[in-house]
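Asker: sequence and predicted model, in that order:
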Amino acid sequence: MKVKEMVPNSTFSTQMLQMPEPLVSPPSRKYLGIHLIAEFWDGKIIEEQKEVERILLDAARRARSTALAISSHKFSPHGITAFILLAESHISMHSWPEKNYLAVDIFTCGEKTMPLKALEYLKEIYQPKRVEVREIKRGKNR
């Protein structure tokens with residue numbers, strides 16, 4: 001069964017981006033990566049897939065991360081799920097316009113990444129009135 005048959009009345013977009021050189025990071029941090037889980041309430045609603053994909057690419061750049069692929073899905077009548085695969089992990093967004101809610105997930109690893117810069121950029125774009133953020137340090141050394 002094709003994905004399109006599994007989810008009727010929806011639009012998919014997927015594109016592969018150029019593969020970067022492998023990353024090599026010195027193990028100076030006491031954890032492998034930072035995972036930000038954010039909830040945006042009562043912000044701007046963006047329903048255009050290409051615009052959401054552009055926003056994800058810009059967020060990845062701000063996080064100093066390398067984009068590998070991007071994919072999005074527009075639900076009917078509204079809502080978008082979008083995901084950017086990074087050499088350093090991923091950023092995803094899932095919208096529920098009828099609830100004025102956007103779920104954001106930013107997970108990056110490596111010494112050079114700045115996931116908080118991506119989060120700040122997304123807050124600038126979506127302008128939520130309320131934000132809740134949880135930070136998890138992944139792969140902590142014991």
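Answerer: Arrived safely, thanks for sending.

Asker: residue ranges in the chain under the pLDDT threshold?
Answerer: Judged against pLDDT under 70, the low-scoring parts of the chain cover residues 1-29, 142.

Asker: let me know the helix or strand that the residue nearest the centre of the chain is in.
Answerer: Centroid-nearest residue in the chain, with CA atoms, centre = their mean: residue 91, separated by 2.2 Å. Element membership of residue 91, judged by DSSP states H and E, is strand 89-96.

Asker: give me the buried positions along that strand.
Answerer: For strand 89-96, the neighbour count (16 or more other CB atoms under 10 Å) marks 89, 90, 91, 92, 93, 94, 95 as buried. Just so you know, the C-beta spots here come from the backbone N, C-alpha and C atoms, and that holds for glycine as well.

Asker: contact partners for residue 36?
Answerer: Residues in contact with residue 36, defined by CB atoms under 8 Å, 6 or more residues apart in numbering, are 104, 105, 106, 107, 115, 116, 119, 133, 134, 135, 136.

Asker: one more pass at 10 Å, please.
Answerer: Residues touching residue 36, when contacts are defined by CB atoms under 10 Å, 6 or more residues apart in numbering, comprise 63, 91, 104-108, 115-116, 118-119, 122, 133-136.

Asker: and residue 58, by the same measure?
Answerer: The neighbourhood of residue 58, defined by CB under 10 Å, 6+ apart, consists of 118, 121, 122, 125.

Asker: can you redo those as a markdown table, where the extra columns are secondary structure?
Answerer: Compiled in a markdown table, those are given as follows (DSSP: H, G, I helix; E, B strand; the rest coil):
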| residue | secondary structure |
| --- | --- |
| 118 | helix |
| 121 | helix |
| 122 | helix |
| 125 | helix |
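
Asker: could you check the angle the longest helix anywhere in the chain makes with strand 89-96?
Answerer: Taking DSSP state H as the criterion, the chain has its longest helix at helix 49-62. Using axes from the mean of the first three to the mean of the last three CA atoms, to 10 degrees, one finds that helix 49-62 and strand 89-96 are set 140 degrees apart in direction.
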